[in-house]
Every structure is written in structure tokens, then in C-alpha cells.
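Q: Coordinates only, no sequence provided:
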């Protein structure tokens, strides 16, 4: 059934936005984490999204016209770690500096709002698709 | 899912399955019956996958809420479509039964 292609594309968008949300939450939760299993402070994670061709019938007909979204990778942003002079801190280095994560809470909050809105947009598109399918079933009633 | 749809499409269109209706009275299983059966099987599969998705979410094993909801919607719409087909068949049957002989 053709509406299933739209459902699948919406679904991929919803999944991608959920993953982004997970990463943002992780960044916010670790906004002042100075110890990680790999050593050093927490480094801000960034999601990279990539387009992927849809395998549906309609996608075949139009070749590369349709694409869904997938999470390509999640990379660590190592730039801009904050150094604070605090010699009494147990994690202070030789010069008495403690390295804090490069997470900017404002940026993360703005990203979170964007992700929320994008998720809502996907749900709205999904609802519209569903309504179209239901309207089509009303033909001849 | 897409594979199943394309499969049924192909079989619907292939010359082997399109048998001339009414020329073989000995066989009650015509092309229409096959198509109907295939459609019902497909819808049943959608229902099963919706069941599985919602069970996974409820037990907290796997899957996300939106995936379960989308599986439910797919099952819902395909079931409604099947109901419309059933209504049309019944209408046609009743129309024939009302025919004056």
C-alpha cells in the first residue's frame, strides 16, 4: 500500500530526532562531568544525519527522488574545553587547572527546541498522511 | 513490508494468475479468491507486526513508542481498506440476490 512509504519516511525522521534528543540529554546531563571512563572531561557529542534512499515502490519509480533520514555518526567535539584554576580540586593538573566539558547549556537548549519542533512536524506529516488514506477510503460512501 | 506489497503486485499482474473468469466452472478458486486471500494474509501480517511492536514497548524490551504507533496505524488503515472491500463484495452479492428471475 502506497501510504506506507510516507509512514516509513516519517518513522525514520522520528527515529532520527529521538536519537538527537538522546544525545542532547546526554550533553546536558554531563554539562559539568570532569571524569569519563576514557579519561579527561566529558566531550560534547554531535549527531550527523544523512539521507538514505527509500526502498518503497514509489521510490523505485522515481529513483533517487525520495530519501529518508538516518543517523550517520555521533562524533565528539573536542574543541573549547574550559580550564578553571582550582588547585585544591582532586582532579587538578600540575598547574592547578581543572578541565571542564565544552557543553554550552544555552546551545543545547536551543537544539532541544529545534529537535522538539522537528519531531512535532514529523508527527503532523504522519497524521496528514493517515487522514489522506482515510479520506480515500471514504470514496463512494 | 515493501517486499510483500511488490510481491502481491507482481502476482496480481502476472499472466499466470489472471485466469479468465467464468471459463472454468470446475474450479471454485479463481484469481479473485487468490487476490483476496493474499490481501488478507498481508493485513494479518501487519496486524501481527503491530502486536509485536506494542508488546515490545509494553515490556520495555525494544522499539520506540512512535514505531509501535506507526505499526498500529498501518494495521488500522489496511484493516479499514479490507473492510471496504468486504462491504463492496457484500453489496455486489446482495445486488445479485435481489435480481428478478
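A: In hand now; what should we look at? What you are looking at is a predicted structure, and each value in this text was computed from that prediction instead of being measured. Residues are numbered from 1 along each chain as shown, chains lettered A, B, ... in the order given.

Q: Now do the same contact list for the spatially closest residue to residue A:28 that is not a sequence neighbour.
A: Closest residue in space to residue A:28, ignoring its immediate chain neighbours: residue A:108 at 5.1 Å, by C-beta to C-beta, 6 or more residues apart in numbering or on different chains. Where you see a C-beta, it was placed from the backbone N, CA and C, and this is true even at glycine. Residues near residue A:108 by C-beta atoms under 8 Å, 6 or more residues apart in numbering or on different chains: A:24, A:27-28, A:31.

Q: Narrow those residues to those in helices?
A: A:24, A:27-28 (DSSP state H).

Q: now those: which count as buried?
A: Using 16 or more other C-beta atoms under 10 Å in any protein chain shown as the burial test, the ones in helices among the contacts of residue A:108 include A:24, A:27 as buried.

Q: in terms of contact, does residue B:50 touch residue B:72 like I think?
A: Yes. If you go by C-beta atoms under 8 Å, residue B:50 and residue B:72 touch, sitting 4.9 Å apart.

Q: Tell me which of these two has more neighbours.
A: residue B:50 (21 against 17; other C-beta atoms under 10 Å in any protein chain shown).

Q: Give me the pLDDT for the more buried one.
A: At residue B:50, the predicted lDDT confidence score is 90.

Q: okay, which residue is most central for chain B?
A: Closest residue to the average C-alpha location of chain B: residue B:39 at 2.3 Å, with C-alpha atoms, centre = their mean.

Q: How about the contacts made by the closest residue to chain A within chain B?
A: Using C-beta to the nearest C-beta, the closest approach of chain B to chain A is made by residue B:66 at 4.4 Å. By C-beta under 8 Å, 6+ apart, the contact list for residue B:66 reads A:11, A:14-15, A:18, A:123.

Q: re earlier: now, which of the ones in helices among the contacts of residue A:108 sits nearest chain B?
A: residue A:24 (16.3 Å).

Q: what's the helix or strand for the residue nearest to the spatial centre of chain A?
A: Centroid check for chain A by C-alpha atoms, centre = their mean gives residue A:20 as the closest residue, at 1.5 Å. Assessed by DSSP states H and E, residue A:20 sits inside helix A:3-29.

Q: Ok, residue A:50 next?
A: strand A:44-53.

Q: which residues touch that strand?
A: A:12, A:16, A:19-20, A:23, A:26-27, A:59, A:64, A:66-77, A:101-103.

Q: Ok, stretch A:16-26 next?
A: A:45-47, A:49, A:69-71, A:74, A:108, A:111-112, A:115-116, A:118-119, A:122, B:64, B:66.

Q: Centre of the chain to it, how far?
A: 4 Å (C-alpha atoms, centre = their mean, to the nearest Å).
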